[in-house]
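**Student:** Model the following, please.
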Amino acid sequence: MVEVFSGRTLLNKDGDFVDPEVALRNKVVGIYFSASWCPPCRDFTPILCDFYTELVEEGEPPAQFEIVFISSDKSSDDMVEYYHDMHGDWLALPWTDDFKNELKQHYKITAVPKLVIVKENGQVITDKGRKQIRDKGLACFRTWLEAAEIFQNFNSF
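**Tutor:** Predicted coordinates for the structure are as follows:
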């Protein structure tokens, strides 16, 4: 489980609470800092959706990868609308959870969008997930798996 989210509750797109202990176990995790008011975020989020869909929803077997959205939106309503309208079927930290500020500080987030890829223990694999997805597509995931020391057979990349 990603220790970063230990003791926290995450949400899925249906608004159900999800235990990170279960949802993030043995996975590479992309912590996605983003906001609806940010044009580069609105540009990258559909690309991230396609990446996630190919790896997790269409992959055989599904990739050991999960995304947790950390909102920089100005209100809970803005976050929920953006999450439902543009994001993939991944998880989110509730907007009301002030832990988002600790995460931004811990991962030195000064601007959005930012996709930080971490190991189970929260150790950073790369803070350039967005650039790597744009430059390398699905191929970057193999590098992340190797860095996280998670072994999975894939035919798709």
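
**Student:** At which residues are the helices of the chain located?
**Tutor:** 20-23, 39-52, 76-86, 99-106, 129-136, 139-148 (DSSP state H).

**Student:** Now tabulate these in a markdown table and tack on mean pLDDT and distance to Asp14.
**Tutor:** In short, each C-beta sits where N, CA and C put it, glycine included. Output for these, formatted as a markdown table (pLDDT from 0 to 100; distance: least, CB to CB, whole Å):
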| stretch | mean pLDDT | distance to Asp14 |
| --- | --- | --- |
| helix 20-23 | 93 | 13 |
| helix 39-52 | 97 | 17 |
| helix 76-86 | 96 | 10 |
| helix 99-106 | 96 | 21 |
| helix 129-136 | 98 | 25 |
| helix 139-148 | 91 | 26 |
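
**Student:** For this protein, which residue occupies the most central location?
**Tutor:** When the chain is reduced to its mean C-alpha position, the closest residue under CA atoms, centre = their mean turns out to be Ile67, at 2.4 Å.

**Student:** Please tell me how far that residue sits from Ser6.
**Tutor:** 18 Å (CB to CB, to the nearest Å).
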